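1. I'd like to go over a predicted model; first the sequence, then the structure.
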Amino acid sequence: MADENLIANIEKKPVNSRRTAAFIIAKWLLTKDFPSNMFPEGRDRAFVQDLVYTVVRRMRALRKILSFLVAKWPKGELEALLYVGAAQIFYMKDVPDFAAVNETVEAAKTCENKSIPKVVNGVLRNCLRRRDELEKMIASSSVDVRESFPRELYRRWVRRFGADNAEKLAVWHNMPAETFLAWKDGRIEKLERGKKVEEQQGFKEGEFIVQDPATKIAVSLLDVVAGEKILDACAAPGGKSIQIAWRGAALTSCEINPKRRRKLVENLKRVGLEDKVEVLSELPSSSSRLFDKVLVDAPCSNTGVLRRRPDARWNWSEEKLSALVRLQSDILDVCANLVRPGGQLVYSTCSNEEDENSLQVRRFIERRKDFSLSQERERIPALEEGEGDGAYSAVLVKAP
């Protein structure tokens with residue numbers, strides 16, 4: 001009942017942007033819903049998004065700071081408000097100290113528990129008084145704490161990339177993500193910060209989609225030829241499907257999740273492709289039809305896009321990684337049977353974990369002797385030139 005009451009309170013109309021951010025953080029902590037699905041429309045959206053993502057990105061460091069200042073760790077709205085206030089003080093240098101404290105305290109005044117504003121005021125003012133000391137404490141912490149990543153995930157990066165490169169990768173993933181526009185003619189342009197996608201010329205006409213440059217790796221390896229029968233097996237939200245259809249393929253897009261499938265259809269409709277792409281709610285049987293090429297953009301741990309999906313780091317665990325690897329393997333086996341002899345299976349993820357990428361592909365070709373690896377590419381951001389998130393793609397060719 002307590003959880004239900006908190007969610008009901010979270011859904012109430014907030015009074016200021018800090019309150020909105022605290023609602024989102026409290027609900028995310030409770031339900032693990034995507035923060036991106038909770039951002040409000042209107043003029044406060046950009047600030048709320050920045051504040052929420054700052055909290056999420058820096059949560060481990062913020063928790064260490066706040067644990068140093070509170071005798072008993074708070075829960076619910078108080079926990080969220082302290083995160084919101086501390087994030088502004090330590091990580092949002094454009095926010096004046098008085099605004100960080102006063103506006104967060106004002107937000108706390110709408111809580112049913114009338115002692116919360118006093119606690120928030122006291123803790124945040126203590127943050128200001130002891131800021132130098134607390135910043136030195138975080139700066140001297142281990143990199144996984146300082147940059148706020150799960151210990152085991154960061155240790156994996158150290159083992160694979162070395163300590164210096166792992167640190168570079170962690171720092172890069174804490175930078176705000178840029179927005180890129182992928183145009184119908186193949187161009188990719190970076191959108192100037194502060195500009196709205198919906199206000200760009202060509203948006204209403206469906207001339208571009210929002211998509212990171214790294215997503216072009218899979219589409220490039222797919223090497224679409226007009227008229228080819230292609231299946232996009234895990235299609236939502238539809239960015240790769242749209243790029244494939246723009247290149248003239250006879251495209252079938254499949255998405256089993258109803259909510260994600262609705263998003264796929266919405267995106268296809270915006271660019272005028274709703275009547276040119278077949279959308280399925282389940283994969284066809286291998287006995288009914290085969291495709292020249294099949295794209296498997298598999299569900300993954302998202303460790304290549306943690307800059308864009310900062311909440312994904314807190315969903316990471318060795319157990320979840322193992323479950324994803326099994327799921328990816330199952331999807332590959334099913335989709336392999338949908339490729340015609342001589343056709344291609346392109347496997348891609350937005351992960352930089354070898355278990356999901358090169359090792360997954362090698363296990364696949366060991367059990368499927370009718371497929372061979374033609375080529376593979378991996379982008380590891382911060383460790384190589386160019387723009388874009390982390391990604392992996394491989395081309396698997398089926399024997400004639």
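-> Looks like it arrived, so ask away.
2. looking at this structure, which helix is longest?
-> helix 318-336 (DSSP state H).
3. buried residues, that one. List them.
-> 321, 324-325, 328-329, 331-332, 335-336 (16 or more other C-beta atoms under 10 Å). From N, CA and C alone the C-beta is placed, and that goes for glycine too.
4. what's the average pLDDT for that helix?
-> For helix 318-336, mean pLDDT is 98.
5. by how many degrees do the longest strand along the chain and helix 318-336 diverge?
-> For the chain, the longest strand by residue count, based on DSSP state E, is strand 339-349. Strand 339-349 and helix 318-336 are oriented at 160 degrees to each other (axes from the mean of the first three to the mean of the last three C-alpha atoms, to 10 degrees).
6. kindly export strand 339-349 (C-alpha atoms) in CSV.
-> Provided in CSV are the C-alpha atoms of strand 339-349 (Å, rounded to 0.1, in the frame of the first residue of the first chain):
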residue,chain,number,x,y,z
VAL,A,339,17.4,-16.8,-44.5
ARG,A,340,17.3,-18.2,-48.0
PRO,A,341,20.3,-20.3,-49.2
GLY,A,342,23.0,-17.9,-50.2
GLY,A,343,21.4,-15.1,-48.2
GLN,A,344,22.7,-13.0,-45.3
LEU,A,345,22.0,-12.7,-41.6
VAL,A,346,23.2,-9.4,-40.1
TYR,A,347,23.4,-9.4,-36.3
SER,A,348,23.8,-6.2,-34.4
THR,A,349,23.7,-4.8,-30.9
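7. just checking: what are the partner strands of it?
-> Here strand 339-349 is paired, per DSSP bridges, with strand 291-297 (parallel), strand 391-398 (antiparallel).
8. okay if I get those as TSV plus mean pLDDT, mean neighbour count and distance to Val225?
-> As requested, the strands paired with strand 339-349 are exported to TSV (pLDDT from 0 to 100; neighbours: other C-beta atoms under 10 Å; distance: least, C-beta to C-beta, whole Å):
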stretch	mean pLDDT	mean neighbour count	distance to Val225
strand 291-297	98	25	8
strand 391-398	98	24	14
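9. same list (those) but as CSV, adding distance to Gly122.
-> Shown next, in CSV, are the strands paired with strand 339-349 (distance: least, C-beta to C-beta, whole Å):
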stretch, distance to Gly122
strand 291-297, 49
strand 391-398, 46
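10. for the ones you listed, which one sits closest to Leu69?
-> strand 391-398 (40.1 Å; C-beta to C-beta).
11. hmm, who's touching that closest one?
-> Applying C-beta atoms under 8 Å, 6 or more residues apart in numbering, the contact partners of strand 391-398 are 214-215, 217-218, 221, 304, 336, 339-352, 356-358, 361, 364-365, 370-379.
12. can you count the residues close to Trp41?
-> If you look again at residue 41, you'll see it is Glu, not Trp. 6 (other C-beta atoms under 10 Å).
13. I'd like to know how far it sits from Thr20.
-> 11 Å (C-beta to C-beta, to the nearest Å).
14. next one: Asn102
-> 16 Å.
15. between those two, which one's more packed in?
-> Thr20 (24 against 14).
16. pLDDT at that one, what is it?
-> 94.
17. next, the buried residues of the helix or strand harbouring it.
-> According to DSSP states H and E, Thr20 maps onto helix 17-31. For helix 17-31, the buried set under the neighbour-count rule, 16+ other C-beta under 10 Å, comprises 17-30.
18. hang on, isn't Thr179 packed against Val210?
-> Yes: using C-beta atoms under 8 Å, Thr179 is in contact with Val210, at 6.2 Å.
19. so what sits against both of these two?
-> Val197.
20. what packs against the longest helix of the chain?
-> Applying 3 or more C-beta pairs under 8 Å, 6 or more residues apart in numbering; DSSP states H and E, we find helix 318-336 packed against strand 291-297, strand 339-349, helix 358-367.
21. what residues does it touch?
-> Contacts of helix 318-336 (C-beta under 8 Å, 6+ apart): 152, 231, 233-234, 283, 294, 296, 298-301, 345, 347, 349, 353, 355-356, 360, 363-364, 367-368, 371, 396, 398.
22. centre of the chain to it, how far?
-> 19 Å (C-alpha atoms, centre = their mean, to the nearest Å).
23. please name the residues that touch the most centrally placed residue in the chain.
-> Closest residue to the average C-alpha location of the chain: Arg309 at 2.7 Å, with C-alpha atoms, centre = their mean. Arg309 is in contact with 36, 302, counting by C-beta under 8 Å, 6+ apart.
24. and for Ile65?
-> 86, 90, 127, 134, 137-138.
25. of the residues you listed, just the buried ones, ChimeraX syntax please.
-> Buried members of these, defined by 16+ other C-beta under 10 Å, are picked up in ChimeraX with:
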select :86,90,127,134,137,138
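26. of all the contacts of Ile65, which two lie farthest apart?
-> Among the contacts of Ile65, Ala86 and Met137 lie farthest apart (C-beta to C-beta), at 13.1 Å.
27. so Lys276 touches Ile244, yeah?
-> No: using C-beta under 8 Å, Lys276 is not in contact with Ile244; the gap is 10.9 Å.
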